[in-house]
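*Asks:* Okay, here's the prediction I keep looking at, along with the sequence it came from:
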Amino acid sequence: MEITYVIIIGIIAYIFGAITKMFVDSIPNKFIPIQNVIIGLMSGVICYITKIEPNLLQAIVLCLVATMGAGGVADLINIKNK
């Protein structure tokens, strides 16, 4: 089941990234965590609706932790490259 969370989060993050690139020229980095929270909330609701996780709160928390963790790893990689 854990891999399903990752797949759902990845798909939603890809869609949000594509929408952001198409409609917004440049988004400041300070708004990326807000986008990650929205992705986590949407992913949690989708996991609950599709019965991947029977508890809504647990699904939202798991997806929020996953998206915020992924954002932190991406920041670490960017800092290392600079």
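*Replies:* Received the coordinates, thanks.
*Asks:* what helix or strand is the spatially closest residue to Ile52 that is not a sequence neighbour on?
*Replies:* If you skip the residues right next to it in sequence, Ile52 has Thr4 as its closest partner in space, 5.3 Å away by CB to CB, 6 or more residues apart in numbering. C-beta coordinates here come from the backbone N, C-alpha and C atoms, glycine included. Following DSSP states H and E, the helix or strand that holds Thr4 is helix 2-23.
*Asks:* pLDDT on the following helix or strand past that helix, on average?
*Replies:* Following helix 2-23 in sequence order, the next helix or strand is helix 32-49 (DSSP H and E). When the per-residue pLDDT values of helix 32-49 are averaged, the result is 87.
*Asks:* now swap in stretch 62-71 and tell me
*Replies:* The pLDDT scores in stretch 62-71 average 82.
*Asks:* outside of that stretch, which residues touch it?
*Replies:* Contacts made with stretch 62-71 from outside it, assessed by CB atoms under 8 Å, 6 or more residues apart in numbering, are listed as 5-6, 8-9, 13, 32-33, 36-37, 39-41, 43-44, 47, 53.
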